[in-house]
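**Student:** predicted coordinates and the sequence they were generated for:
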Amino acid sequence: MPVQTVKDPLIGTFIFFFSMSLSVISMQSCGRPAMGLRIALLSTHGKKLLHRRTLLHSTKFCSTWPSAQQTCTELDTDSGGKGLHKPVMLREVVHCLDLKPEQVFLDMTFGAGGHTRAVLNAAPGVTVYTLDRDPLAFQYAQQLSAEQLSSSNSRVYPVLGRFSEVVELLSRQGVQPGSLDAILLDAGCSSMQFDHPERGFSISRDGPLDMRMDGDRFPTMPDAADVVNALDQQALVSILSKYGEERYAKKIASAIVAARKIQPITRTQQLASIVAGAFSPSTLYARKDLLQRPAHVATKTFQALRIFVNDELHELHSGLQAAETLLRCGGRLCVITFHSLEDRLVKRFLHGLDVAAPACRSARQRGLQGRTIEDQDEEDEEDKEMATMSNTRWVCVPKKAKVPQEAELRENPRGRSAKLRAAVRL
Ligand SMILES: C[S@@+](CC[C@H](N)C(=O)[O-])C[C@H]1O[C@@H](n2cnc3c(N)ncnc32)[C@H](O)[C@@H]1O
């Protein structure tokens, strides 16, 4: 069934989504999956998905999302406060963006607006465009926009959408290519997404297995439950190993397939237990994060599903291309990443290298995968290699990525894997 002939919008969305995502899988594994496999996968599971979605539709969380108003009163209104996202490497970001009053800034990942607020404090009079794909973040940006209108000469223009849409969305607001002074892209998810169980990202707090950042804008877009219930074992192995760098991908995929024969997997804790069941008692508690704290064995599985569901690597690449289009010569780009797949893509993009080239990992580095979220050694090696290369479109300042200081990590352990890269558009 060729993609172009699909008439049902739901199945069309599903097919479009999976064909896009599978092309990232193939892009990253440096080979295209056979077209037959792709089409078989899509046509077999499109019908199952349609049926499953009809059954589950009434349990979708859209109406249960906290509104910005509720969240602001339930939680602390200070963006560094409990519950709202704490911005990572705030001082370093403001320093790298180096905005002056009257300049124009785009925050591509508004979240709870912590970085934007810091920019507004540092450069009063600045004009800010904010982007986020999450409608809750968009509500926060609208609130900030209203506050600025009444209290300062800075202006904030909120935009709802994805990185891949930003050039078009901004052009509708009159923003021309080559006109922005600075852009921030703080990749990944916000604490509001991770911490509200009904969003379906949380391992520790039970919720529907959703993980879509903009699911209420696109209710027919497949969620994480669709992925684990509909895809075949080999596709699950690919997703877990490419996006989670999970070395037990085969065991986990096999446990998922066995479990869903008994009943559909619809909850986050149900999936976390299924994944844990794939590990022997000796390996169950062996994983540690970068701060050497115990890490749940399902962390990489959740990361992989989240990246796949939101098409995050394609989106990140689109965001970088958009930044290249929108910044003026001499304009500054700051990118914060939270895992090695993202950081590697950013590094390679800024150095003008093929972002799809496969990573070379030594046996020792592969051995480290089960222990840490990122493989520090490999990244240091790549940094050294890239420091010797140059690109005509960007100059990285500084050359190496910055990481948060220990004092910041004591306050905000969630920043433990953050890396900040800054570059000037030539
Ligand atoms: C780490 S949070 C940003 C936090 C923010 N800097 C702050 O200070 O609160 C990442 C945000 O980027 C948004 N996001 C992720 N991918 C996106 C995409 N492709 N397009 C637009 N927004 C995206 C998420 O919805 C989330 O709100």
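**Tutor:** Right, received. Where do you want to start?
**Student:** going forward, measure contacts and count neighbours with C-alpha atoms only.
**Tutor:** Fine.
**Student:** how about the residues of this structure that lie near the ligand?
**Tutor:** Proximity of the chain to the ligand (Cα under 6 Å from any ligand atom) is limited to residues 85, 87, 109-115, 131-134, 137, 161-163, 186-190, 213, 315.
**Student:** looking at those residues, which are in strands?
**Tutor:** 131-132, 186 (DSSP state E).
**Student:** dump those into CSV; add neighbour count as well.
**Tutor:** Listed next are those as CSV, based on neighbours: other Cα atoms under 10 Å:
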residue, neighbour count
131, 27
132, 24
186, 24
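**Student:** quick check: buried residues in the strand ranked longest in the chain?
**Tutor:** Criterion DSSP E: the longest strand present in the chain is strand 327-337. Buried residues in strand 327-337, defined by neighbour count with 16 or more other Cα atoms under 10 Å: 327-329, 331-337.
**Student:** can I get these in TSV with pLDDT and distance to residue 256?
**Tutor:** Listed next are the buried residues of strand 327-337 as TSV, based on pLDDT from 0 to 100; distance: Cα to Cα, whole Å:
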residue	pLDDT	distance to residue 256
327	98	45
328	98	48
329	98	50
331	98	47
332	98	44
333	98	40
334	98	38
335	98	35
336	98	32
337	98	29
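**Student:** which stretches of the stretch 251-400 of the chain form strands?
**Tutor:** With DSSP state E, counting those that start in this stretch applied, the stretch 251-400 of the chain shows strands at 327-337, 394-396, listed in chain order.
**Student:** any chance of those in TSV, plus distance to residue 422?
**Tutor:** Shown next, in TSV, are the strands of the stretch 251-400 of the chain (distance: least, Cα to Cα, whole Å):
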stretch	distance to residue 422
strand 327-337	4
strand 394-396	6
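**Student:** of those, which approaches residue 124 most closely?
**Tutor:** Smallest distance to residue 124 across these (Cα to Cα): 18.1 Å, for strand 327-337.
**Student:** and the residue of the stretch 251-400 of the chain closest to the ligand?
**Tutor:** Of all residues in the stretch 251-400 of the chain, residue 315 sits closest to the ligand, at 4.7 Å by Cα to the nearest ligand atom.
**Student:** for that residue, give me its contacts.
**Tutor:** Taking Cα atoms under 8 Å, 6 or more residues apart in numbering, we find residue 315 in contact with 162-164.
**Student:** equivalent analysis for residue 355, please.
**Tutor:** Applying Cα under 8 Å, 6+ apart, the residues near residue 355 are 344-345, 348-349.
**Student:** who wins for neighbours among the residues you listed?
**Tutor:** Neighbour counts for the contacts of residue 355, by other Cα atoms under 10 Å, peak at residue 345, which reaches 22 neighbours.
**Student:** on that earlier part again, among the contacts of residue 355, name the ones in helices.
**Tutor:** Applying DSSP state H to the contacts of residue 355, the entries found in helices are 344-345, 348-349.
**Student:** turn these into a markdown table, including distance to residue 309 and pLDDT.
**Tutor:** As requested, these are arranged in a markdown table below (distance: Cα to Cα, whole Å; pLDDT from 0 to 100):
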| residue | distance to residue 309 | pLDDT |
| --- | --- | --- |
| 344 | 20 | 95 |
| 345 | 18 | 97 |
| 348 | 23 | 95 |
| 349 | 23 | 96 |
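**Student:** got these as a markdown table, with distance to residue 417 columns?
**Tutor:** What follows is the ones in helices among the contacts of residue 355, written out as a markdown table (distance: Cα to Cα, whole Å):
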| residue | distance to residue 417 |
| --- | --- |
| 344 | 13 |
| 345 | 15 |
| 348 | 19 |
| 349 | 20 |
